[in-house]
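[1] have a look; sequence and predicted model below, questions after that.
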Amino acid sequence: METVADGLIGAIGNTPLIRLKRASAATGCEILGKAEFCSPGGSVKDRAGLAIIRDAEARGVLKPGGTIVEGTAGNTGIGITLVANALGYKSVIVMPETQSQEKIDFLRMIGADLRLVPAKPFKDPGNYVHVSRRLAEELGAVWANQFDNLANREGHRETTGPEIWAQTGGKVDAFTCACGTGGTLAGVGLALKARKHSVRIVLADPEGSGLYGWVKNGDLTVTGSSITEGIGQSRVPENLNGAPIDDALKIPDAEALEQIYDLLIHEGISVGGSAGINVAAAIRVGKAMGPGHTIVTMLCDGGARYQSKLFNPDFLRSKNLPTPPWM
């Protein structure tokens with residue numbers, strides 16, 4: 001054992017890079033996944049939760065015994081709640097009721113004050129983000145505001161990006177990542193571009209999101225839908241403004257599911273829907289760039305958090321999507 005982590009906070013970050021064997025073989029490239037499911041809260045959003053809380057402390061708006069409120073698809077809520085628990089704060093989490101039961105149960109298990117609201121588009125005042133903002137105002141609490149709080153992307157610029165650079169020895173040619181808040185893509189993109197301007201930063205987008213069109217032609221029009229949670233947008237969050245994005249790819253659910261099932265049954269790596277989209281995008285980028293390149297992507301969280309959807313044959317068949325071949 002080289003080091004002992006200083007509590008939960010010290011255990012966030014420094015996740016391993018895993019070589020994805022079949023994706024690498026299919027492209028002739030090194031396809032590497034940043035294993036964020038190894039974080040204490042089980043997802044990349046532990047980093048955002050920590051960065052946002054530390055920033056609020058530094059600005060003097062979050063004081064001992066204080067409360068932080070956030071609207072989230074689940075993982076940021078989990079990260080914020082665990083970090084808040086570790087640092088002596090209270091957390092109130094507002095989440096669309098359509099999110100997986102596993103996330104709902106987990107948030108309640110770890111002590112979050114969970115408020116479920118109907119799923120509404122961002123333009124609707126009942127959208128979970130707006131509800132969380134109003135609730136923070138009513139409670140006199142800190143609003144985390146992960147979508148437009150630049151502490152989110154700054155956390156990734158200071159940690160995730162430099163980790164990827166060090167782990168690859170600077171031999172990284174492209175980075176693919178889906179966006180919810182945009183913090184991961186923007187922060188990692190800024191960090192990598194500062195070290196090697198030729199690194200290609202590629203946004204991976206599900207159906208039902210407008211970000212692909214925004215990157216390609218400035219059009220946020222939304223078409224289709226996706227079963228993935230926590231990614232895709234009908235607006236441009238502040239974290240994405242000025243982000244160094246070179247290209248975007250639209251990845252259908254069926255293509256993402258193929259990677260999720262392939263990774264699990266052939267490599268023993270269990271990931272959620274956003275990671276499936278990220279890996280599918282990395283494979284496309286690898287094939288386009290040609291053999292010999294190194295492409296890094298994010299394995300944002302584990303598959304167990306979506307068992308009732310991604311691994312539920314009845315649910316998948318109802319959406320005309322492929323089912324795990326072993327189920």
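    Here it is on my side, so go on.

[2] tell me the mean pLDDT for stretch 257-269?
    Stretch 257-269 shows a mean pLDDT of 98 in the predicted model.

[3] distance from the chain centre to that stretch, please.
    If you compare the mean C-alpha spot of stretch 257-269 with that of the full chain, they lie 19 Å apart, counting by C-alpha atoms, centre = their mean, to the nearest Å.

[4] who touches that stretch?
    Contacts to stretch 257-269, defined as C-beta atoms under 8 Å, 6 or more residues apart in numbering, come from residues 18, 20-23, 33, 270-273, 275-276, 279-280, 283, 299, 303, 310, 316, 321-322, 324-326. Where you see a C-beta, it was placed from the backbone N, CA and C, and this is true even at glycine.

[5] in stretch 290-304, what counts as buried?
    For stretch 290-304, the buried set under the neighbour-count rule, 16 or more other C-beta atoms under 10 Å, comprises His293, Thr294, Ile295, Val296, Thr297, Met298, Leu299, Cys300, Asp301, Gly302, Gly303.

[6] kindly report the same for stretch 160-180.
    Using 16+ other C-beta under 10 Å as the burial criterion, the residues of stretch 160-180 that qualify are 160-165, 167-168, 172-180.

[7] same question for stretch 129-146.
    In terms of neighbour count (16+ other C-beta under 10 Å), stretch 129-146 has its buried residues at 129-133, 135-136, 141-146.

[8] so can I have a markdown table of these showing secondary structure, pLDDT and distance to Glu102?
    Conversion of these to a markdown table gives the following (DSSP: H, G, I helix; E, B strand; the rest coil; pLDDT from 0 to 100; distance: C-beta to C-beta, whole Å):
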| residue | secondary structure | pLDDT | distance to Glu102 |
| --- | --- | --- | --- |
| Val129 | helix | 94 | 22 |
| His130 | helix | 97 | 25 |
| Val131 | helix | 97 | 22 |
| Ser132 | helix | 97 | 21 |
| Arg133 | helix | 97 | 26 |
| Leu135 | helix | 98 | 24 |
| Ala136 | helix | 98 | 26 |
| Ala141 | coil | 98 | 26 |
| Val142 | strand | 98 | 27 |
| Trp143 | strand | 98 | 26 |
| Ala144 | coil | 98 | 22 |
| Asn145 | coil | 97 | 25 |
| Gln146 | coil | 96 | 20 |
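
[9] for this structure, what's the longest helix?
    Of all segments of type helix in the chain, defined using DSSP state H, the longest is helix 273-289.

[10] packing partners of that helix?
    Under the contact criterion of 3 or more C-beta pairs under 8 Å, 6 or more residues apart in numbering; DSSP states H and E, the helices and strands touching helix 273-289 comprise helix 21-27, strand 30-35, strand 174-178, strand 200-206, strand 247-251, helix 253-267, strand 294-299.

[11] cool, thanks, signing off.
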